[in-house]
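>>> got a predicted structure here, sequence first:
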Amino acid sequence: MPYARPTQRLARRRGLLAAAAVHLALTIPLAALCSVDVDEAYSLATSGLPFGHVLHRALTFELQPPLYFLALHAWRVVDGGVFWARLLSVACAAGVVLLAPGVIRRFVPSVPGAVAAALLAVNPVLVWAAITARGYAAIALLSTLLLGLAHRAFLGDAPRARAAIAYGVTAAAALHTQYYLGFLLAGLGLALVAAGRWRAVGAYALCMLAVAALSTPLFLYTGAQMAAHTTAGAKPGLAGSVAEAARHAESLVLSMHAVSFGRAGRWVARLLFWGAAAWSVAGALRTRASLANVGVLAGVAATMVAGYGVARSLTSVEAMSMRHTVALLVPALALTLALLTARPGAARTLAVGALVAVVMSADALWLDYRDLDSNPPHKAIVAWVEARPDLRPEQPLLVFPAESALALPYHVTVPNRVVPLPVPPSLTVYDPRSDAITSEAALEAAVAPAIGPSGEAWLLWYSQRSFLGVDLGSAVLERWLDRAFDVVEQADLEDCRVLHLRRRAGPR
């Protein structure tokens, strides 16, 4: 059949384009509708500065490599709005949906590209990254490019010099976007060593030396950045941190962190998914099918999980959440697909695994975005307050923790003053201790100049009580409210208590 291959290519492209269309149909409306979160407010503030100031603030305040913030600064020359800023992430995530299936097929040729694309199109972590004006979608795209270029340059049957140069440039860009992408670089290098491809190991080592040389100025800041992220309390243990990173790896594929299924339902999903994978691997061992690519992907994923675990144990629990491990998304998906298709003719095990992943993803997406907003839903919280008939312009909107006050102005339409408690968050030095309420006097100093003659205010009290081991002072706030105010009205909204306060008459 001389026209079979072109026909297959056309069908494959149509499948990728259909998956990308589904992904964009999800992400573009959500990017337009979802509340601005605190991290996005930081990104918008940083990228809105002049170029040189963006570089400095990324390194010294954002405590991250600067490339994403510089790219966002250039992107926002066209339009400074939130939606346009998010479209950079939308484009990067769509790039993952389009490119990752081809990368995965290099390692797992038996996986149809449309299946990998469909799994990525509805993946909740990738959808979230796409609608967030932060660097996570770019990190996922760089991870995808690194995995694909590494195969072309070092792991394939015919290594290519141009691909090695492209890999080095991409690796340098990756380190200038997120330090944790270095775990992927290490994993790919160890995979070459484990495979005994010594000539490729030498070329890879030279490539990494060039990347390290290009990144030397960046590394001068990493010590101070790491210290700023280190918890004030006891650090998590290494074994527990590695186990948590492994749970993140599983959740990147199966959405265990977000689904509404109960404990029993989650275990059923796990048994179906990992049972199908184990059945496939057992069949491969019986038939003596090659598991070389499974080994490569497992080594890369294990190295990244170990790296994340070490980083978490050296810093804090908060410094290593699901979003920080997004570079593991495509390698983890490639590994699980390789396991599901390890045996010849593994269409059934692939179908079982893909169905479980899609059902879990769909449930997580519905749970997260059924109200067409993110969490916390700042827009809905502000809209509720603004709809109160007893809201007056002279009544300030008090916000605790103070960081949340950065996101609210993007949604507030009334003239009421937004007052962070205890003080406005700094945009020059990141230190959670400065956001902590240490005394009732500090609260009085913040509120007294803002409160009107009616003595009334509205408090937006978010659920976060500590960060990086710092107690933010909820107990002090509670005592001050009990002593100084009466609660006229109260509502418990998602992730936030809203209190209408009236200053109590008499001595304070």
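The structure has been received and is ready for your questions.

>>> which residues touch the lowest-mean-pLDDT helix or strand in the chain?
Taking mean pLDDT, DSSP states H and E as the measure, the helix or strand of the chain with the lowest value is helix 222-229, at a mean of 80. Helix 222-229 is touched from outside by 59, 60, 63, 64, 179, 314, 315, 316, 319, 430, 431, 468, with contacts defined as C-beta atoms under 8 Å, 6 or more residues apart in numbering. Placement of C-beta: from N, CA and C, glycine included.

>>> I'd like the next helix or strand past that helix.
helix 238-254 (DSSP states H and E).

>>> what about the helix or strand just after that following helix, average pLDDT?
As assigned by DSSP H and E, the chain's next helix or strand after helix 238-254 is helix 263-286. Confidence for helix 263-286, expressed as mean pLDDT, is 96.

>>> adjust the sequence numbering to begin at 40 for everything that follows.
OK, 40 is where the count begins now, so the last one is helix 302-325.

>>> what's the nearest residue to residue 54 if we skip its chain neighbours?
residue 153 (2.9 Å; C-beta to C-beta, 6 or more residues apart in numbering).

>>> do I have it right that that neighbour meets residue 56?
No - contact criterion C-beta atoms under 8 Å: residue 153 and residue 56 do not qualify, at 9.9 Å.

>>> for the two, work out which one has more neighbours and name it.
residue 153 (19 against 14; other C-beta atoms under 10 Å).

>>> wasn't the more buried one part of a helix?
Yes - assessed by DSSP: H, G, I helix; E, B strand; the rest coil, residue 153 belongs to a helix.

>>> where does it land on pLDDT?
pLDDT at residue 153 comes out at 95.

>>> partner residues bridging the closest residue to residue 471 other than its chain neighbours?
Ranked by C-beta to C-beta, 6+ apart and with sequence neighbours excluded, the top spatial neighbour of residue 471 is residue 509, at 4.3 Å. In this entry, residue 509 is beta-bridged to residue 506, by DSSP bridges.

>>> please give me every residue in contact with residue 236.
So residue 236 contacts 193, 194 (C-beta under 8 Å, 6+ apart).

>>> state the distance from it to residue 145.
15 Å (C-beta to C-beta, to the nearest Å).

>>> what do you get for residue 352?
In terms of C-beta to C-beta, residue 352 sits 33 Å off from residue 145.

>>> if we can go back for a sec, just the buried members of the contacts of helix 261-268?
Applying 16 or more other C-beta atoms under 10 Å to the contacts of helix 261-268, the neighbour count classes 98, 102, 103, 218, 353, 354, 355, 358, 469, 507 as buried.

>>> where's the fifth one relative to residue 260, distance?
Look at residue 353 and residue 260: by C-beta to C-beta, they are 17 Å apart.

>>> residue contacts, residue 523?
Counting by C-beta under 8 Å, 6+ apart, residue 523 has contacts 479, 483, 542, 543, 547.

>>> and the third one, what pLDDT?
Right, the one you point to is residue 542. pLDDT at residue 542 comes out at 95.

>>> go on, the first one?
With respect to pLDDT, residue 479 has a value of 95.

>>> same check on the last one?
The predicted local distance difference test score for residue 547 is 46.

>>> mind listing what's buried along the host helix or strand of residue 85?
Per DSSP H and E: residue 85 is located in helix 77-86. Residues 77, 78, 79, 80, 81, 82, 83, 85, 86 are the ones in helix 77-86 that count as buried (16+ other C-beta under 10 Å).

>>> what is the nearest of these to residue 289?
Nearest to residue 289, judged by C-beta to C-beta, of those is residue 78 at 24.2 Å.

>>> wait, that closest one touches residue 168, no?
No - applying C-beta under 8 Å, one finds residue 78 not in contact with residue 168, separated by 11.6 Å.

>>> show me the shaky parts of this structure.
40-44, 270-273, 545-547 (pLDDT under 70).

>>> all strands of it, in order?
436-439, 457-459, 495-501, 505-506, 509-510, 524-532, 535-542 (DSSP state E).

>>> which one of the ones you listed lies nearest to residue 204?
Nearest to residue 204 among the strands of the chain is strand 505-506; the distance by C-beta to C-beta comes to 41.9 Å.

>>> now what about the closest one, what contacts it?
So strand 505-506 is contacted by 357, 440, 471, 474, 511 (C-beta under 8 Å, 6+ apart).
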